[in-house]
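1. The sequence isn't on hand, but the structure is:
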């Protein structure tokens, strides 16, 4: 839908966000790709007028995860309420970075900060073929045996690193904590041996380190010996403080493994409950469940926080680099496991290149951080004259003055928000359907289609879109901030275009396709991404206030979606649609794989009433892995009534492209 940006009606001062330096910077030509920190977000959200940036009042709000809400205290809660404005639309990894860069930084410990900054890597680890096959219980026994053997090599190196860290630590409490953690690592080695013996595998049969394990253990050994890349005097440990510093570095390189396993254990434990725990590896997996593994993970994080207290900012940067390197080595460790069976991840590997792969996506708030209607309205307002320009002899287009235009936009926005809520309420059936009723959904969404078209007519008739310069729109698109991971995904998918036989399409309600073209052009993807949207009409380079109305409703999007697929060169194809709102619902259901980004409350309300199931993508892929035939064939079942949910684009990237293209 065209997401009108409702100005707060409490405010009596006609202020444009462009009045503030931060906003001018956000879209200035000197800012190549702006990123709004969490502190800046909280600060700007306190201005009532800035409610104008999102129409997602109540119906399309996305809430920060509880772990981040806890760290940002009253300021975040004061702006959260029914909707989180502007910066709320960052996906999980983006939110984590925002917290680290803003007011949440003081509330987060060193270990938590580094973990939040590693969410992309954690997601990639979760979506590796080894972890997915293990979670599904379909992992081949020989692969698991090889993994256990490699993990024992790693744990032995882990125990040696603990010994070094205990030697270097100058605090008795820290030494005691390290000794206890070392004992836990030794216990884990024995647990591994006992478990594989139960499986009928000889625990004493030595399996040599594979290259990934060796690379990881060498990294731990070098770090615990003080051989830190880029450090002055690397390997020369002389003073007691240098020893303490190396202890901190060593622990910093070990924390990621512990926290990642706790994270994966929590993710998988939920699935074990769902499938009745008939997974042959459930006993082993439960050793990493939160009830068992969270405590040691939290203890080593606390230890890192304690050891980091006396360090300088430069030294903390070293730990951050070690942490990040360890996360990358964890992914390589999982990828090195000999998974010879077919896996549903990454999709690009399972996909038969003889079949055409179609990637469809919405744009506003699916790809973009800010809704395009808010951007276009602000361009119109700041470029509007202070007094009425009548149509002159030079043929220029008459425009409303800025104050009148702002009042008109405020009125249109308020009306849209109020009527949208009423429209959603009116189309809901009285009783919740037990299974998907697609025919009834199509019929009832016609109310939403009619509403959207009426709203667009009001905007055109109001004249608020008249007189905008095409160059201003292009510049705004070039500097439009996209969701975390979005631009990287599209860059990588178009780079794989020939190999994957992939077609990429954007389906959007945006009033001006030029804005979208500029956004994709700025990340080098325009020539490989087909844009389907509305178009401004121009006289010369100035908008007339009218537009070619091509996509205004859920049914319009569906019609374009079907039209694209009808033109394919082969009968065999696989379609993926990514969206975030009710306007995307028909396409999400029509696609072979429909992926919902975020937690749109109105979409879930509608979906629940019409028998749609919202399944976390990882859970859905575990189920698909269990269905996967030995030859790798799999049916995705379009129109099944299942929509997969993700936190953001890094998760989509991990599913479609995996680590190879990251």
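-> Yes, it's here. Computed from a predicted model, the values in this text were never measured in an experiment.

2. next SSE after the helix or strand residue 334 falls within?
-> Taking DSSP states H and E as the definition, residue 334 sits inside helix 313-335. Next in sequence after helix 313-335, counting helices and strands by DSSP H and E, comes helix 347-350.

3. Show me what that following helix packs onto, helices and strands only.
-> Judged by 3 or more Cβ pairs under 8 Å, 6 or more residues apart in numbering; DSSP states H and E, helix 347-350 is in contact with helix 649-656. (C-beta placed from N, C-alpha, C; glycine too.)

4. Run through the strands of the stretch 401-550 of the chain in chain order.
-> For the stretch 401-550 of the chain, the strands defined by DSSP state E, counting those that start in this stretch cover 466-469, 502-507, 529-532, 535-539, 542-548.

5. List the strands paired with the fourth one, with their directions.
-> Spelled out, it's strand 535-539. Applying DSSP bridges, strand 535-539 is found paired with strand 542-548 (antiparallel).

6. Low-confidence stretches in the chain?
-> For the chain, the stretches with pLDDT under 70 are 1-106, 199, 201-204, 229-240, 274-277, 386-399, 660-662.

7. how near is residue 251 to residue 404?
-> With distances taken as Cβ to Cβ, to the nearest Å, residue 251 is found 63 Å from residue 404.

8. Mind checking which of those two has more residues around it?
-> For residue 251 versus residue 404, the count of surrounding residues by other Cβ atoms under 10 Å is larger for residue 251: 32 against 14.

9. How about the contacts made by the more buried one?
-> 165, 178, 300, 303, 304, 307 (Cβ atoms under 8 Å, 6 or more residues apart in numbering).

10. pretty sure the fifth one belongs to a strand, no?
-> Think residue 304. No. The assignment for residue 304, made by DSSP: H, G, I helix; E, B strand; the rest coil, is helix rather than a strand.

11. I'd like to know the phi and psi angles of the nearest residue to residue 372 once chain neighbours are set aside, please.
-> With Cβ to Cβ, 6 or more residues apart in numbering as the criterion, residue 372 has its nearest non-adjacent residue at 4.4 Å, and that residue is residue 510. As for residue 510, its main-chain torsions (degrees, to the nearest 10) stand at phi -50, psi 140.

12. dump the residue contacts of residue 510.
-> Contacts for residue 510 (Cβ under 8 Å, 6+ apart) come out as 2, 363, 364, 372, 373, 516, 533, 534.

13. swap in residue 366?
-> Contacts for residue 366 were tallied using Cβ under 8 Å, 6+ apart; they are 483, 578, 579, 580, 584, 597.

14. Give the full set of residues in contact with the last one.
-> This means residue 597. Residue 597 sits in contact with 91, 366, 483, 578, 579, 580, 646, 647, 648, 649, 652, where contact means Cβ under 8 Å, 6+ apart.

15. Of these, keep whichever come out buried.
-> 91, 366, 483, 578, 579, 580, 646, 647, 648, 649, 652 (16 or more other Cβ atoms under 10 Å).

16. Take those residues and lay them out in TSV including distance to residue 461.
-> Listed next are the buried ones among the contacts of residue 597 as TSV, based on distance: Cβ to Cβ, whole Å:
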residue	distance to residue 461
91	37
366	28
483	33
578	33
579	29
580	28
646	39
647	40
648	37
649	37
652	38
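
17. Taking those, tell me the two that lie furthest apart.
-> The most widely separated members of the buried ones among the contacts of residue 597 are 579 and 647, with 14.8 Å between them, by Cβ to Cβ.

18. isn't residue 338 right next to residue 143, touching?
-> Yes. Using Cβ atoms under 8 Å, residue 338 is in contact with residue 143, at 5.5 Å.

19. Show me which of those two is the more surrounded one.
-> The neighbour comparison of residue 338 against residue 143 (other Cβ under 10 Å) goes to residue 143, with 18 against 14.

20. Wasn't that one part of a helix?
-> Yes. Assigned with three-state DSSP, residue 143 falls within a helix.

21. what's the spacing between it and residue 505?
-> Distance from residue 143 to residue 505, by Cβ to Cβ: 38 Å.

22. cool, and residue 133?
-> Taking Cβ to Cβ, one finds residue 133 at 32 Å from residue 505.

23. and those two? which has more neighbours close in?
-> More neighbours surround residue 133 than the other of residue 133 and residue 505, with 26 against 18 (other Cβ under 10 Å).

24. can you pull out the helices in the stretch 551-662 of the chain?
-> Applying DSSP state H, counting those that start in this stretch to the stretch 551-662 of the chain gives helices spanning 554-566, 585-590, 601-609, 617-627, 649-656.

25. Could you report the neighbour count for the residue nearest to residue 290 when sequence neighbours are not counted?
-> In space, and not counting its chain neighbours, residue 290 is closest to residue 266: 5.1 Å by Cβ to Cβ, 6+ apart. Applying other Cβ under 10 Å, we find 15 residues neighbouring residue 266.

26. so what's residue 362 up against?
-> Counting by Cβ under 8 Å, 6+ apart, residue 362 touches 506, 507, 508, 557, 578, 579, 580, 581, 583, 584.

27. do that again at 6 Å, thanks
-> For residue 362, the contact set (Cβ atoms under 6 Å, 6 or more residues apart in numbering) comprises 579, 584.

28. That one and residue 509, how far apart?
-> Where residue 509 is concerned, residue 362 sits at a distance of 8 Å (Cβ to Cβ).

29. Longest helix in this protein, by number of residues?
-> helix 240-274 (DSSP state H).

30. Mind listing what's buried along it?
-> 243-265, 267-269, 271-272.

31. ok so, going back, residue 593: which of the contacts of residue 597 is nearest?
-> Residue 593 has its nearest neighbour among those in residue 578, at 9.2 Å by Cβ to Cβ.

32. residues contacting the closest one?
-> So residue 578 contacts 361, 595 (Cβ under 6 Å, 6+ apart).

33. Touching, residue 121 and residue 329? I think so.
-> No. In this structure, residue 121 is not within contact of residue 329 by Cβ atoms under 6 Å, at 9.9 Å.

34. what about the closest residue to residue 328 other than its chain neighbours, helix or strand, and which?
-> With sequence-adjacent residues excluded and distances taken as Cβ to Cβ, 6+ apart, residue 328 is closest to residue 121, at 6.5 Å. Following DSSP H and E, one finds residue 121 within helix 119-126.
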